[in-house]
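**Q** sequence and predicted model, in that order:
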Amino acid sequence: MEKEAPPLSEEFPEGSKVFFLGEHAYGVAAQITGTTQDSLSVVLAFFPSDKAENEEFKSVVRNRMSERYYPSFNVAEIVGASSKAIAKITSSFMVITSDGQKVNLGLSLKFEAKGMKVIDYSRKNGRFWEFSEKAVQLIRDYKAKAPEVFRAVERSGDAMTKAYDVFSGEDSDKKVKDLRTWLATKGVRDFEPVSLFCDQLKKETVKEIEGLQAKFTEGRSPSAIKKAIVKGIPRQAVLKPSHAVYRLQNQRFGLGDRVTMVRDSGSVPLSAKGVVIALNAKSMDVVWDVPFMAGTTLGGRCSPYRGSTVEFNTCLNLTDPQYVASTKPRGPPPHQPQVPFKPRFGPYPAVRPPPGQAPVGGFHPAPAGASRGSSVQILANPNRGRGAYVNGRGTHTNGRGAPPHAANGAHVVPAQARPAMAGSPPVSVNGVNGEANHLPPVASRGGFVPPHPRGFAPRGGRGFSPNFRGRGGMPPVIDRGRGGPFRGPRGRGRGAPPVAS
């Protein structure tokens, strides 16, 4: 059951810390100085250069060289190699030297089994790998340096390749090690493998961001802080740290966004500012302006004690304000993002997951218009079905025992049993020496009585006789049980001697 909001003096006691959500000082740390029945008074403290600094951080990410990516089969055409060679060279290609040492001559641009890619070099789009222009140039240089490796990849099978299979001559081991050194000079060892399902900045870009942070921090002084008193604002114009987990739902973030910590519980200090350098499915990596005790290097991507992984609802996005509120007491309610922020990178699962469950691995929707106007048809063998007779042993049936129908809707008289060949013994048809021992067929209500050389009526199927709802389409048998009228002797089984009448 919902309750009324508590009085402002109780919810926002004097001296409590909040964050201002007004348009001109969005996200600025504030302190409550007084309350009335329906309004608040706060004092703001901020640096006038904050807004311009936010744009500079974002511009670092925008100025990243946006390269074109090519599918692997296009890369094979550009380089002049086979798709098999590109697939092996861009992953790992192990070569064994004469002393048993294993040397990887691959470029390590993709890791299929681990589900990892290399930033600015590779990515996976659906089922296909794609490589950037930088990666294509690296493959070109590799082929020009060691064409023997590409030829060896073409010949290689499942077995591990030997060094003398790649380079002919006595110095094959030396050539393998020299090639490995050349790959190191190309920066192959410094590649950053990351998950297919995340997006993050390179180490060089993170260092540039840290340089900007240091520059702005050094230029700040206590004398440059500006203070402003704002009176008569409604409660929705400020954000209380304990309310962040409830109010900051569906907030969007992007790489290079400037954020501030608005939750007072956790390892990151309250109101600390940082920059988003990586986005995951449910969290983001932030490099903060100043170090703190619980900070990390984020796997060697930033300086010590400067990085941390936080949830989306713990920070306020300063670059893209999404909760701007009116400062008028009777102003409209603040806008709330309605679309959930669920960043999704990498391939989609091949099978659509059940409703309400997360996908497991690469879903691809059907091509647009593929199912539009089409119908599903199930093909069936017309010669199959219960009660059908084929190859002279009866008649073809449409379905499970139903008699065939001609094109004009008339009944088709079934063929008789195949006559015996001249000079051959008579064929036994449910009896001995061709003598059929059976009861005459029972006429249905429809009046159609098909001949049955085997001496029994077909089991039939749905549609055999519309006057009966049973599966066989035949009239009910009344002599099954005690008290029924006698209908004559029953037929004997196969191979049984004749029964004397």
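**A** That came through, no problem.
**Q** could you use CA atoms for every contact and neighbour count after this?
**A** Fine.
**Q** how far away is residue 18 from residue 123?
**A** As judged by C-alpha to C-alpha, to the nearest Å, residue 18 and residue 123 stand 42 Å apart.
**Q** swap in residue 51?
**A** Residue 51 is 34 Å from residue 123, by C-alpha to C-alpha.
**Q** more neighbours: which of those two?
**A** Neighbours were tallied for residue 51 and for residue 123 using other C-alpha atoms under 10 Å; the higher tally belongs to residue 123 (26 against 15).
**Q** so for the helix or strand harbouring residue 141, mean pLDDT?
**A** Taking DSSP states H and E as the definition, residue 141 sits inside helix 133-145. Across helix 133-145, the average pLDDT comes to 94.
**Q** in this protein, which spans are helices?
**A** With DSSP state H as the criterion, the chain has helices at 8-11, 50-62, 72-79, 83-89, 133-145, 147-155, 163-166, 172-185, 203-218, 244-247.
**Q** which elements pack onto the fourth one?
**A** In other words, helix 83-89. The contact analysis (3 or more C-alpha pairs under 8 Å, 6 or more residues apart in numbering; DSSP states H and E) places helix 83-89 against helix 72-79, helix 147-155.
**Q** tell me the angle the longest one makes with helix 133-145.
**A** On the basis of axes from the mean of the first three to the mean of the last three C-alpha atoms, to 10 degrees, helix 147-155 is oriented at 100 degrees to helix 133-145.
**Q** okay, buried residues for helix 147-155 please.
**A** 149-154 (16 or more other C-alpha atoms under 10 Å).
**Q** which strands and helices lie in contact with it?
**A** So helix 147-155, by 3+ C-alpha pairs under 8 Å, 6+ apart, packs with helix 83-89, helix 163-166.
**Q** the ones you listed: which one's closest to residue 286?
**A** Residue 286 lies closest, by C-alpha to C-alpha, to one member of those: helix 83-89, at 34.2 Å.
**Q** can you list the buried residues in that closest one?
**A** Buried, per 16+ other C-alpha under 10 Å, within helix 83-89: 83, 85-89.
**Q** tell me the bridge partners for the residue nearest to residue 13 when sequence neighbours are not counted.
**A** Leaving aside its sequence neighbours, residue 13 sits nearest to residue 32 (C-alpha to C-alpha, 6 or more residues apart in numbering; 7.1 Å). Judged by DSSP bridges, the bridge partners of residue 32 are residue 42.
**Q** lowest average confidence across the helices and strands packed on helix 147-155, which one?
**A** Lowest mean pLDDT within these: helix 163-166, a mean of 87.
**Q** what's next to it, contact-wise?
**A** Counting contacts by C-alpha atoms under 8 Å, 6 or more residues apart in numbering, the residues outside helix 163-166 that touch it are 95-98, 148-149, 151-152, 170, 172-173, 176.
**Q** widest-spaced pair of those residues?
**A** Once C-alpha to C-alpha is applied, the contacts of helix 163-166 give 98 and 151 as the farthest pair, at 20.0 Å.
**Q** re earlier: want to try JSON lines for the helices and strands packed on helix 83-89, with distance to residue 292 as columns?
**A** Output for those, formatted as JSON lines (distance: least, C-alpha to C-alpha, whole Å):
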{"stretch": "helix 72-79", "distance to residue 292": "44"}
{"stretch": "helix 147-155", "distance to residue 292": "49"}
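**Q** wait, which of the ones you listed is closest to residue 259?
**A** Nearest of the helices and strands packed on helix 83-89 to residue 259, taken as C-alpha to C-alpha: helix 72-79 at 37.7 Å.
**Q** next, the angle from that closest one to helix 133-145.
**A** 50 degrees.
**Q** show me what counts as buried in helix 72-79.
**A** Going by neighbour count (16+ other C-alpha under 10 Å), the buried part of helix 72-79 is 72-73, 75-76, 79.
**Q** out of the helices of the chain, which one sits most buried?
**A** Most buried of the helices of the chain, by mean neighbour count (mean count of other C-alpha atoms under 10 Å): helix 163-166, with a mean of 21.
**Q** on that earlier part again, in terms of secondary structure, what does the helix holding residue 141 contact?
**A** On a contact count with 3+ C-alpha pairs under 8 Å, 6+ apart, helix 133-145 meets helix 72-79.
**Q** now the helix it packs on: average pLDDT?
**A** The average of the pLDDT scores along helix 72-79 is 94.
**Q** ok, stretch 181-194 next?
**A** Averaged across stretch 181-194, pLDDT comes to 89.
**Q** so which residues make contact with it?
**A** Residues from elsewhere that reach stretch 181-194, judged by C-alpha under 8 Å, 6+ apart: 107-110, 116-119, 202.
**Q** could I get the average pLDDT for stretch 19-31?
**A** Average pLDDT, stretch 19-31: 92.
**Q** export it to CSV, keeping only CA atoms.
**A** Only the C-alpha atoms of stretch 19-31 are listed here, as CSV (Å, rounded to 0.1, in the frame of the first residue of the first chain):
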residue,chain,number,x,y,z
PHE,A,19,22.6,16.5,-6.1
PHE,A,20,21.0,19.3,-8.0
LEU,A,21,19.0,18.3,-11.1
GLY,A,22,18.3,21.8,-12.5
GLU,A,23,19.0,22.6,-16.1
HIS,A,24,21.9,25.0,-15.6
ALA,A,25,23.9,23.2,-12.9
TYR,A,26,22.9,19.6,-13.5
GLY,A,27,24.6,17.0,-11.3
VAL,A,28,26.3,19.6,-9.1
ALA,A,29,26.8,18.6,-5.4
ALA,A,30,24.5,20.6,-3.1
GLN,A,31,23.6,21.0,0.6
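**Q** go through it and flag the buried ones.
**A** For stretch 19-31, by 16+ other C-alpha under 10 Å, it's 19-22, 25-31.
**Q** how about the nearest residue to residue 267, chain neighbours excluded?
**A** In space, residue 267 is closest to residue 294, 5.8 Å off (C-alpha to C-alpha, 6+ apart).
**Q** now do the end-to-end distance for stretch 75-94.
**A** 22 Å.
**Q** can you start the count at 155 instead of 1 from here on
**A** Right, with 155 as the first residue, what we last looked at is stretch 229-248.
**Q** list of residues touching that stretch?
**A** Contacts for stretch 229-248 (C-alpha under 8 Å, 6+ apart): 226-227, 256-265, 285, 290, 293-294, 304, 307-308, 314-315.
**Q** before we move on, back to that, tabulate the buried residues of helix 226-233 (JSON lines), appending distance to residue 369.
**A** Shown next, in JSON lines, are these (distance: C-alpha to C-alpha, whole Å):
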{"residue": "226", "distance to residue 369": "42"}
{"residue": "227", "distance to residue 369": "46"}
{"residue": "229", "distance to residue 369": "42"}
{"residue": "230", "distance to residue 369": "45"}
{"residue": "233", "distance to residue 369": "44"}
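**Q** output stretch 326-343 as CSV - backbone C-alpha positions only.
**A** Extracted as CSV, the C-alpha positions of stretch 326-343 are listed here (Å, rounded to 0.1, in the frame of the first residue of the first chain):
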residue,chain,number,x,y,z
SER,A,326,64.3,-23.3,-40.2
ASP,A,327,64.3,-22.9,-36.4
LYS,A,328,66.1,-19.6,-36.7
LYS,A,329,63.6,-18.3,-39.3
VAL,A,330,60.7,-19.2,-37.0
LYS,A,331,62.2,-17.3,-34.1
ASP,A,332,63.1,-14.3,-36.3
LEU,A,333,59.6,-14.2,-37.6
ARG,A,334,58.2,-14.3,-34.0
THR,A,335,60.5,-11.3,-33.2
TRP,A,336,59.2,-9.4,-36.2
LEU,A,337,55.6,-10.0,-35.1
ALA,A,338,56.5,-8.5,-31.7
THR,A,339,57.8,-5.4,-33.4
LYS,A,340,54.4,-5.1,-35.1
GLY,A,341,52.7,-4.9,-31.7
VAL,A,342,51.1,-8.4,-31.8
ARG,A,343,52.1,-9.1,-28.2
